[in-house]
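Student: fold the following and give me the result.
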Amino acid sequence: MMFQKVCKRNKFRITDVFVGILMLWGVGQFNHTAIAQVDSLSSSEILSLSTPVFELSVDKRSQTAVSLSPVVDPQFNYTTGEWAEVRKGDGFYQLGDINLKVRQKGASQWVSYSSAAHRSPVESLNHEGNGVLTAAKLSNSLSKDIALEITRFWESKNGNLVLRFELKNKNSEPIEVGALGIPMIFNNILHEKHLDEVHAENVFFDPYIGMDAGYLQAVRLSGEGPVLLVLPHEKTPFEAYRPLLDDPMPRGITFEGFHEWMVHSKAYAENEWQEADPWNRPTSMVLAPGETYSVGVEFVLADNVQNIEETLIKHHKPVAIGFPGYVLPQDVQGSLFLTYEKEIRSIDVEPEGALVVKKVGTTSHGWDKYAVNGVIWGRARLSVTYTDGTVQTINYKVIKPESEVVADNGHFLLTEQWFDKKNDPFGRAPSVISYDYEKKEKITQDSRAWIAGLSDEGGAGSWLNAIMKQLVQPDPEEVAKMEDFVNQTMWGGIQYSIGEHKYGVRKSLFYYEPDSMPEGTYSDEVNYKTWAAWSKEAAETVGRSYNYPHVAAAHWVMYRLARNYNGLVTQRAWEWYLENAFHTAIAMVEQAPYYAQFGQMEGTIFILVLEDLKREGWTELAQKLESTMRKRAEHWASLNYPFGSEMPWDSTGQEEVYMWSKYFGFDEKASITLNAILAYMPTIPHWGYNGCARRYWDFLFGGKLSRVERQIHHYGSALNAIPVLHAFKEVPDNLYLLRVGYGGLMGALSNITKDGFAPCAFHSFPSTLRNDGISGDYGPGFFGYAVNTASFLVMHDEFGWISMGGNIINEAEWITMELTTAARSKVFIAPAGVELSLDAGKFKTVSFHPESGEIKIVLDSRNEYTPKAFLQVKFTGDSENGEYKVLKYSKNDRGIYSIPLKKKERTVRVLKGI
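Tutor: Okay, the predicted model is just below:
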């Protein structure tokens, strides 16, 4: 295979392996000979400048940045300087450029201008004092008919670097600036590098589109070292974030593209973006004749990614921290903490009444605390105005209570997406099949075979979602349907049940082979002349390891339901499902060995299977699975950055790499992995970006609107939340980890529609800002939610008692939390270092006594399928002080507490040191 020729273990160069794919979608490809890394420009072409914090080099002709390096690490360049020779022509954006749309006051048409469009030497200005490093008029790089005189300044302010523009109306009539953008050009070009190189040399950047409180963070892929923060200078609101699609650098899997910080966006909102609901209210600026208007951004450093907010406060910027985050279920009492050196003048909510916000106190260090309740389902914007006129916006997503979201999702999957067509020529019935929400119809044909073929993430996504839903919230009718799917369609169809490939998982049930199928099988409206329209032979292959975790998860869920509930699973015994989960894991390594060398999305499932094999006393199988997985983990431990995949760069393997590294005690590799995750998974006061793990190409493979674009809460969010929350439980005083992980966890639910449809992701381009139209590869994200959903109780020195996934209903002698998650099956009490989890049954409330450490839990009453609760107690605290045990109950042969339930609620005590 082409990828096998390019890649040698993890030491491969990041070449756009799938250039053919990208060409099919009109994305373009890198010219391997024309675009290559080059040395920087010659010294005679460079002007070197410095501040106490930064070293800056600019191209003398354009005075745009060639390099921007921290003084503490002068070898590191945040900008695209290594591509300077290639990117110095017309149209290539640089840090220091400006984009505009203007019109004479009263005119209807906007006229566009860009300093990057036609490069000509700028007019350098003499400058003295006031911290100016260099200045230039940009008239030569702009059209002669522009009514504005624009001057650019590179300045030093308080030791930091400022990029500032002055716009002067040189006409006798007022001029309206309807769009003003400052391109944010940092080095996210990963092409033709090893993973070791990109983690050391490249950055990813994430926006907080929060008006005057907005900022951009540029973090090295390793997650280590100083973080570059781009802050508003004076009054330069971060109103919108526009992709620079006209930059000639072709976007693809190795290059996400660039964006610009938009100060004003009214002109786009009226035209290109008129179908979208913007993050912030679009504005413009009217300049009177002779009036000058100044905007700019300031560059500062945070010493690490977890100290970004501390750095913002130091630089006099407003900071907001919300719990449980910014995806807010309607039954959850949220809280919002705000700090700024000025008082709050007003707080406004749009749409009106979408949120109820009430001040409830002030912390010891002056943070204002607000209670926030979600009322109206959908997006909501909170605008905080301070007494100095500073405006901060916080974007929330209000959802139904988690239990309702998950129930609606299950109902939609098992009704609207239930495919039971008899005599389907591809053997796909019964199943939960992909769905087009815009057309309101099942997808039975697609040019991408996997979408209609029930395998790969894009085809397995819906049935994986449906079966993982039963782990969270089992419904007897839905379980019965999924039993039929597993035993009739998955086993013997998607997964081979006999022959040399037994337990192997095929790439697709659907394929394109018109000569061997009855006339009329394939629609003339679908373009099957693509590489993705696999033949029968290609569809039947078993070499793609990423298909195996989905199937293993299905077997494992059926095992758990059969083992822990009475009469819920009827067609097979629990032993059969657990054994098949084991064989699926082994088959992945044996039948798909090449890709199995990489971390798998949902790879956590193999640890869950292993743990259950051990509990059941199946020692021989457990030892074989453990030894098989150890070999993979040892390989990862030998690499600096073991995050390869079938893609040149990916954010899905880190989950499994981290989990096995922790399991086998490779703590250094686990730490490296966690840092890499935190580099592309920020915490930001915006529901779309908070906990949003970076993915930007899967709309090509699993979406309807197909383009390279940052995806809002694609499955990477909830999958990467698994290691982040695991890490938090080991260091329960690190609130940053909890905030990032919980943001990713709730990201899995954020895009589910009111009637329960789950799309592959939300489109971030400001021209769209809506869900994608098909279900695609949503399922792995719900897997992350299902195995990781939990309630957290935390005591913080500044913010007091905090609950995530529950409401604190009492803060007296006992701290009592009422659970609000859909499962209500897992609680982590951070001060005690204890996790309580139920394999059957549900918690109603959990109470913690801080002084004694005692825990009281209230369990729901029994039902037909749940006569007993099965409780596990995991202790991560100091074992020398005694572990926690359940009073009056003993463990069963699996090491789990078996608690008979009653017709009414039952209270159970969990004590320390008994």
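
Student: what segments of the stretch 201-350 of the chain are strands?
Tutor: 203-208, 215-220, 227-233, 240-243, 259-264, 285-287, 292-302, 319-323, 327-329, 334-339, 344-350 (DSSP state E, counting those that start in this stretch).

Student: tell me where the model's unsure across the stretch 451-600 of the chain.
Tutor: Residue ranges of the stretch 451-600 of the chain with pLDDT under 70: none are present.

Student: compare the strands of the stretch 201-350 of the chain and give me the one nearest Leu674.
Tutor: Shortest distance between Leu674 and these, using Cβ to Cβ, is found for strand 215-220: 13.4 Å. (C-beta placed from N, C-alpha, C; glycine too.)

Student: who does the closest one pair up with?
Tutor: Strands that pair with strand 215-220, judged by DSSP bridges, come out as strand 203-208 (antiparallel), strand 227-233 (antiparallel).

Student: Ala65 and Ile185 touch, don't they?
Tutor: Yes. At 7.5 Å, Ala65 and Ile185 qualify as touching, with contact defined as Cβ atoms under 8 Å.

Student: so for the two, which residues contact both of them?
Tutor: Here Ala65 and Ile185 have 79, 94-95 as joint contacts, going by Cβ atoms under 8 Å, 6 or more residues apart in numbering.

Student: which parts of stretch 660-669 are buried?
Tutor: By 16 or more other Cβ atoms under 10 Å, the buried positions in stretch 660-669 come out as 660-664, 666, 669.

Student: just put these in JSON lines and tack on distance to Lys144.
Tutor: Below are those laid out as JSON lines (distance: Cβ to Cβ, whole Å):
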{"residue": "Trp660", "distance to Lys144": "63"}
{"residue": "Ser661", "distance to Lys144": "60"}
{"residue": "Lys662", "distance to Lys144": "63"}
{"residue": "Tyr663", "distance to Lys144": "66"}
{"residue": "Phe664", "distance to Lys144": "67"}
{"residue": "Phe666", "distance to Lys144": "63"}
{"residue": "Lys669", "distance to Lys144": "59"}
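
Student: got the phi and psi for the closest residue in space to Val708 that isn't next to it in sequence?
Tutor: Spatial nearest neighbour of Val708, chain neighbours left out: Arg251 (4.4 Å); criterion: Cβ to Cβ, 6 or more residues apart in numbering. Main-chain torsions, Arg251, degrees, to the nearest 10: phi -90, psi 150.

Student: Arg251: neighbouring residues, count only.
Tutor: 24 (other Cβ atoms under 10 Å).

Student: again, but for Leu705
Tutor: 15.

Student: run through the residues that contact it.
Tutor: Contacts of Leu705 (Cβ under 8 Å, 6+ apart): 699, 763, 768, 772-773.

Student: any chance of JSON lines for the strands paired with strand 215-220, columns mean neighbour count?
Tutor: JSON lines is the format used below for these (neighbours: other Cβ atoms under 10 Å):
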{"stretch": "strand 203-208", "mean neighbour count": "24"}
{"stretch": "strand 227-233", "mean neighbour count": "22"}
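
Student: so which of those is nearest Gly257?
Tutor: Closest among these, using Cβ to Cβ: strand 203-208, at 11.4 Å.
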